[in-house]
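Asker: give me coordinates for this.
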Amino acid sequence: MPSFIIDSNSATEAFKVHLSLSMSARVVENIAIELAQRDPKFLYIADAIVKFLYEESGFLNTFLHLLRYDNWLEQDSGIPRSLKGIAEHYNESANILKEIVDAAIYETLDIFDLDLTIEQVPLKYVLDHHVKLLLDLYEKSKCAKIRPKSPQTPKNPVGEVKPRFVYQYPSDLVSLSKEASANLVRVLHLLPGSGASCIECQLEVRDLDTQGIDQALSYVWGSTQDLKCIWIEGRRFAVTTNLYHILTALRHEHTTQTIWIDAICINQSNNKEKAHQVRLMGEIYSKAKETIIWLGNQVTESRPMTDPANTLAPLPPNFGGHVVDQYNLVDILGKLREMPLDTSTYTKRLTLYTIFLHCLNVIMLYEWWEQVWM
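Answerer: Numbers count the residues shown, from 1 in each chain. Below you'll find the model as predicted:
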């Protein structure tokens, strides 16, 4: 019988957490395997959840190792040596599982053409809510047909050029990570440029744990029916129109920007690599020095507000005597901080608060907030 270093009450609590995560993971496993039989696009998700559960360093094989006394005595075992360490391990596992669940939710919505209401969007950090949403969508998918592929070939800027002029990933990150015994990712170097000049980039493989990531992008992919072309290492690469506009806006005229972007840095045609990288997405965003959240282009109406109940229409210029961009939240907050809190500024503060709330209402219109994988 193995020896345990923690008391029975603590072990019981740890077991309860383990059991809860195990049950959630098994539910996701069953759903992913069944959906993969219906559509191969779910194969990478099924592969990710199976590896999460059963591989040597997977979730199910680590529980007893976390509690065994002899493992705690091994200084280089990599095993947490405190209840806090165990809790951190479970938090990390829950985050990985949530990334897999969110990928399954996204594919289910897309493949079965299902709708998601605002009320259904789960709380960001509550795993149980994400699993429940996946279960609900899975039940709906049983009565839904797989969305047929469009009979029209999407407009693709890569066109009919010979394959050697289209960018091909030189290697897959799964094999490279195994060889290096490290968590490897790609980052995109967005080369300097301006105006209508071609968007030129380079890709670099990095060790996520030792080299890190400068910036990570969170955005909405947008429609895949109308693609645009960028250049990676001198070869063409198709991206969505939304991502093209984002890259144009983020590009600097004189300096290179280094960014992690899922649509480019992950080989989307390699299911094994997608499964491998989906499991790392929580770490990628948490370890990035900076995360860029791209909400979208400015959403406004053309006519100034005449109905006070219309909180989305533009406010009149210089509303309340304030010279501030009504769509620049940072500037508005700066003005609020500068304004003294006394009765003489009451009216001006009230109108500035109105501008602030108007700006928030407009920001909340963006599609980015409807993502379940934020």
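Asker: which SSE is immediately downstream of the helix or strand harbouring residue 244?
Answerer: Element membership of residue 244, judged by DSSP states H and E, is helix 241-250. Scanning forward in sequence from helix 241-250 by DSSP H and E, the next helix or strand is strand 257-260.
Asker: just to revisit the earlier point, buried stuff in the helix holding residue 244?
Answerer: For helix 241-250, the neighbour count (16 or more other CB atoms under 10 Å) marks 242, 243, 244, 245, 246, 247, 248, 250 as buried. Every residue, glycine included, has its C-beta placed from N, CA and C.
Asker: residue 190 and residue 207, how far apart?
Answerer: 21 Å (CB to CB, to the nearest Å).
Asker: so these two - more neighbours on which side?
Answerer: residue 190 (24 against 13; other CB atoms under 10 Å).
Asker: list the contacts of the more buried one.
Answerer: Applying CB atoms under 8 Å, 6 or more residues apart in numbering to residue 190 gives the contacts 199, 201, 247, 250, 251, 256, 257, 258, 259.
Asker: kindly report the same for residue 256.
Answerer: Residues near residue 256 by CB under 8 Å, 6+ apart: 189, 190, 191, 192.
Asker: got these as CSV, with pLDDT, distance to residue 290 and secondary structure columns?
Answerer: Output for the contacts of residue 256, formatted as CSV (pLDDT from 0 to 100; distance: CB to CB, whole Å; DSSP: H, G, I helix; E, B strand; the rest coil):
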residue, pLDDT, distance to residue 290, secondary structure
189, 96, 15, strand
190, 96, 14, strand
191, 95, 19, coil
192, 93, 19, coil
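Asker: in the stretch 201-350 of the chain, which spans are strands?
Answerer: Applying DSSP state E, counting those that start in this stretch to the stretch 201-350 of the chain gives strands spanning 215-218, 227-232, 235-240, 257-260, 290-293.
Asker: the ones you listed: which one's closest to residue 341?
Answerer: strand 290-293 (30.5 Å; CB to CB).
Asker: partners of that closest one in the sheet?
Answerer: Paired neighbours of strand 290-293 in the sheet (DSSP bridges): strand 215-218 (parallel).
Asker: what's in contact with the partner strand?
Answerer: With CB under 8 Å, 6+ apart, strand 215-218 has contacts from 246, 250, 257-262, 284-285, 288-294, 368, 374.
Asker: stretch 105-120 now?
Answerer: For stretch 105-120, using CB under 8 Å, 6+ apart, the contacting residues are 35, 39, 41-42, 45, 130, 133-134, 136-138, 140-141, 144-147, 370, 372-373.
Asker: may I see the buried residues of it?
Answerer: By neighbour count with 16+ other CB under 10 Å, stretch 105-120 contains the buried residues 105, 107, 108, 109, 111, 112, 116.
Asker: what's the answer for stretch 323-341, then?
Answerer: Here stretch 323-341 shows 324, 326, 327, 331, 332, 335 as buried, counting by 16+ other CB under 10 Å.
Asker: just stretch 347-358 next, same as before
Answerer: Across stretch 347-358, burial judged by 16+ other CB under 10 Å covers 349, 352, 354, 355, 356, 358.
Asker: mind checking pLDDT for residue 370?
Answerer: According to the prediction, residue 370 has pLDDT 63.
Asker: quick one on the thing from earlier: give me the subset of the buried residues of stretch 105-120 that lies in helices.
Answerer: The helices, defined by DSSP state H, take in 105, 107, 108, 109, 111 from those.
Asker: mind giving me the packing neighbours of the biggest helix by length in the chain?
Answerer: Secondary structure of the chain read by DSSP H shows that its longest helix is helix 8-38. The contact analysis (3 or more CB pairs under 8 Å, 6 or more residues apart in numbering; DSSP states H and E) places helix 8-38 against helix 43-54, helix 63-67, helix 83-111, helix 127-141.
Asker: which one of these lies closest to residue 227?
Answerer: Short answer: helix 83-111, nearest of these by CB to CB, at 16.4 Å.
Asker: now stretch 95-105 - C-alpha only, CSV.
Answerer: The C-alpha coordinates for stretch 95-105 follow below in CSV (Å, rounded to 0.1, in the frame of the first residue of the first chain):
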residue,chain,number,x,y,z
ASN,A,95,-8.2,25.3,-17.8
ILE,A,96,-6.9,22.8,-20.3
LEU,A,97,-10.3,20.9,-20.2
LYS,A,98,-12.2,24.2,-20.7
GLU,A,99,-10.1,25.0,-23.9
ILE,A,100,-11.0,21.5,-25.3
VAL,A,101,-14.7,22.0,-24.4
ASP,A,102,-14.8,25.5,-26.0
ALA,A,103,-13.2,24.1,-29.2
ALA,A,104,-16.0,21.4,-29.2
ILE,A,105,-18.6,24.1,-28.7
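Asker: got the contact list for residue 250?
Answerer: Residue 250 makes contacts with 190, 217, 257, 259, 292, as judged by CB under 8 Å, 6+ apart.
Asker: so in that sheet, which strands flank the host helix or strand of residue 187, and in what orientation?
Answerer: Using DSSP H and E, residue 187 sits in strand 184-190. Sheet neighbours of strand 184-190, with direction, are listed as strand 200-207 (antiparallel), strand 257-260 (antiparallel) (DSSP bridges).
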